[in-house]
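Chemist: can't give you the sequence, but here's the structure:
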């Protein structure tokens, strides 16, 4: 891992001036773009029961989120690849256009299948917003100041991701779930206007442009689609030992093997295998994948847990995410400043994911004992622990990867971060959804049917049902969420273990 010496007084003054200029010209445009992309990944969390009631698609509900993340996973490295070659601001404007147009399409989706397809189209734009926003900052900001901006980004990302369900709850409760897509249109136009103010990049050697790596993009799309479809289908659409499920997994594995074999030979690959050969980048990407596999299912399924397990309304369940929102925002901002001021980088993901692991294990105990028996303040403290831990991950890992990659590969390296985040989030949501609905629907004693009726009739149906049946359903939900929190704790623990192996990227003091 390269190390950056402490700056001279003149260099520090120049960095400070460049940082102020970047903040005025670059950050506003990329901030709105990132807020759009991050919020849209989670804004439907509180609206999922309403969508299930209207569309009658409870078992496939996770695809509203997974479809977006799947498309974002495919798009992220492509935008980084194209941005390095044809201009990052130009590609950011293209991504904003795709995202905004898809938002309009979601408003008028005639059924559940079209909603998932339009959400996937949104992901094709959203994946570019995340990648290009971070790469543009790396393009205009000195390496030492990237820690500060990484903290800003992580703060915006956390605020958007966690406020998404709150905003979605308010809009769904007062205007219906389709209204959550309407807000993207004015924000998309604002982001495009601000992006036009971003200045051209400082002089840098242009990369040699070869023929576009279309086979690599196709193999990446096939492999990720088969993997995520298998994960969301296991247990309810296809049996765990069915040939269909095995065929999907086999196709995914074969696709990834062919992808990496092809990318090693291509002169201009979509997935830069040479960067993945660097331990700091490869291990940081694994940490980001584990981080996302915890954060996205936690955000998506926590409101559902509060609605079904504690009988909360849509608005109350969305508002209950505010403590974890604030915890992650503060943690991200503080971590980014500490990275810049102390030069310490690799310590934060280790500590953060360890804190998240302990908090999730405690939540698993709480869920198993029945949410109603635990005071709400205790539940909120534990969710805040998850937020604090997750907030310490993204700023330092982003700095680590960009330092290791160097200026010329900023786009593709940042694309790998976005790919890892989208893949981890999609896999986490898919696995947690399969676990949730598989465990609830497992016994054929009528409780699953009651759950479907409750979702169709609103949460009030739960409180109106007979006490014995309500207790049976609450126990089923508690058991399912205990398993989900244990799964997420496993992901967090895996990420913490990998974080301890990342080569140090601390600045020389």
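Modeler: Nice, I can see it. Note that the structure is a prediction, hence the values are computed from the model and not measured. Residues are numbered from 1 along each chain as shown.

Chemist: for stretch 312-326, how far is the first residue from the last?
Modeler: 21 Å (CA to CA, to the nearest Å).

Chemist: residues in contact with it?
Modeler: Outside of stretch 312-326, the residues that reach it under the criterion CB atoms under 8 Å, 6 or more residues apart in numbering are 45-47, 49-50, 158-159, 162-163, 165-170, 172-173, 299, 302-304, 306-307, 376, 380-381, 383-384, 386-387, 459. In this view, the C-beta of every residue, glycine as well, is placed from N, C-alpha and C.

Chemist: got the contact list for residue 196?
Modeler: Counting by CB under 8 Å, 6+ apart, residue 196 makes contact with 29, 93.

Chemist: any idea how far it is from residue 82?
Modeler: As for residue 196, its distance to residue 82 is 19 Å (criterion: CB to CB, to the nearest Å).

Chemist: where does the stretch 351-500 of the chain dip in pLDDT?
Modeler: Scanning the stretch 351-500 of the chain for pLDDT under 70 picks out the ranges 368-374, 406-411, 440-474.

Chemist: quick one, helices of it?
Modeler: All helices of the stretch 351-500 of the chain, identified by DSSP state H, counting those that start in this stretch, fall at 376-391, 394-405, 410-441, 447-457, 460-464, 467-499.

Chemist: which among these is found nearest to residue 117?
Modeler: Taking CB to CB, helix 410-441 is the member of the helices of the stretch 351-500 of the chain nearest to residue 117, at 15.9 Å.

Chemist: hang on, the earlier thing: in helices, which of the contacts of stretch 312-326 fall?
Modeler: The members of those that map onto helices under DSSP state H are 49-50, 158-159, 162-163, 165-170, 172-173, 299, 302-304, 306-307, 376, 380-381, 383-384, 386-387.

Chemist: just the buried residues of those residues.
Modeler: 49-50, 158-159, 162-163, 165-170, 172-173, 299, 302-304, 306-307, 380, 383-384, 386-387 (16 or more other CB atoms under 10 Å).

Chemist: let me see the confidence value for residue 138.
Modeler: On the pLDDT scale, residue 138 is placed at 66.

Chemist: an error on my part: the question was meant for residue 211.
Modeler: At residue 211, the pLDDT value in this model is 62.

Chemist: now swap in residue 103 and tell me
Modeler: For residue 103, pLDDT reads 90.

Chemist: same check, this time on residue 122
Modeler: For residue 122, the predicted pLDDT is 89.

Chemist: same question for residue 145.
Modeler: pLDDT at residue 145 comes out at 61.

Chemist: Three-state assignment for the closest residue to residue 494 other than its chain neighbours, please.
Modeler: Excluding its sequence neighbours, the residue lying closest to residue 494 (CB to CB, 6 or more residues apart in numbering) is residue 290, at 5.2 Å. Assigned with DSSP: H, G, I helix; E, B strand; the rest coil, residue 290 falls in the helix class.

Chemist: kindly report the same for residue 262.
Modeler: Going by three-state DSSP: residue 262 is helix.

Chemist: how close does it get to residue 269?
Modeler: According to CB to CB, residue 262 and residue 269 sit 8 Å apart.

Chemist: comparing the two, which residue is more hemmed in?
Modeler: It is residue 269, of residue 262 and residue 269, that has more neighbours when counted by other CB atoms under 10 Å, with 22 against 19.

Chemist: for that one, phi and psi?
Modeler: phi -80, psi 150 (degrees, to the nearest 10).

Chemist: what's the closest non-adjacent residue to it?
Modeler: Using CB to CB, 6+ apart, the nearest residue to residue 269 is residue 263, at 4.0 Å.

Chemist: what residues does the one you found make contact with?
Modeler: Taking CB under 8 Å, 6+ apart, we find residue 263 in contact with 213, 216, 269-273.

Chemist: make a ChimeraX selection of the buried ones in those residues.
Modeler: The following ChimeraX line selects those of the contacts of residue 263 that are buried, judged by 16+ other CB under 10 Å:
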select :213,216,269,270,271,272
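
Chemist: secondary structure added to the contacts of residue 263, as JSON lines?
Modeler: As requested, those are exported to JSON lines (three-state DSSP):
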{"residue": "213", "secondary structure": "coil"}
{"residue": "216", "secondary structure": "helix"}
{"residue": "269", "secondary structure": "coil"}
{"residue": "270", "secondary structure": "coil"}
{"residue": "271", "secondary structure": "coil"}
{"residue": "272", "secondary structure": "coil"}
{"residue": "273", "secondary structure": "helix"}
